[in-house]
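Visitor: here you go, sequence then predicted model.
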Amino acid sequence: VQLQAFGGGLVQAGGSLRLSCAASGRTLSTYIVAWFRQAPGKEREFVAVINWGGGTRYADSAKGRFTVSRDNGKSTVYLQMNSLKPEDTAVYYCAANPSRVSIQAGSYDYWGQGTQVTVSS
């Protein structure tokens, strides 16, 4: 499956963005999909994950502000980000694997190219 992440941009603190992860090649409905992010000089970190049935898990930094959802008909997973903070600035990646819900980047077989999110103070 090929993944494409898009929807990033420049936003002021307190603003919102919705990222999308679109799949081609195979339907995304059979995959567990996660969002990770990587800020300059930092390691890639887990943000959120959604399983086949819509069950979700979030990093503490994302709880209450971010919402991950999926539209299997469109083979797309979304990350709605509200109340954005400057520390949310990073390249955001979506990733997928067919069998395991994990917060570890190494558990994911397929990755999108990343989309830049910049939050100004």
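Guide: Happy to help now that I have it.

Visitor: which residues does the residue most central in space within the chain bridge with?
Guide: Most central in the chain under CA atoms, centre = their mean is W35, positioned 2.6 Å from the mean C-alpha point. Taking DSSP bridges as the rule, W35 bridges to A48, C94.

Visitor: and it, how far is that from S121?
Guide: To S121, W35 is 23 Å away according to CB to CB, to the nearest Å. Bear in mind the C-beta positions are built from the backbone N, C-alpha and C, glycine included.

Visitor: quick one on the thing from earlier: dump the residue contacts of the residue nearest to the centre of the chain.
Guide: 19, 21, 46-49, 68, 77, 79, 92-95 (CB atoms under 8 Å, 6 or more residues apart in numbering).

Visitor: highest neighbour count among these?
Guide: Most neighbours among the contacts of W35, by other CB atoms under 10 Å: C94, with 32 neighbours.

Visitor: ok, it touching L3?
Guide: Yes: between C94 and L3 a contact is recorded at 5.5 Å, counting by CB atoms under 8 Å.
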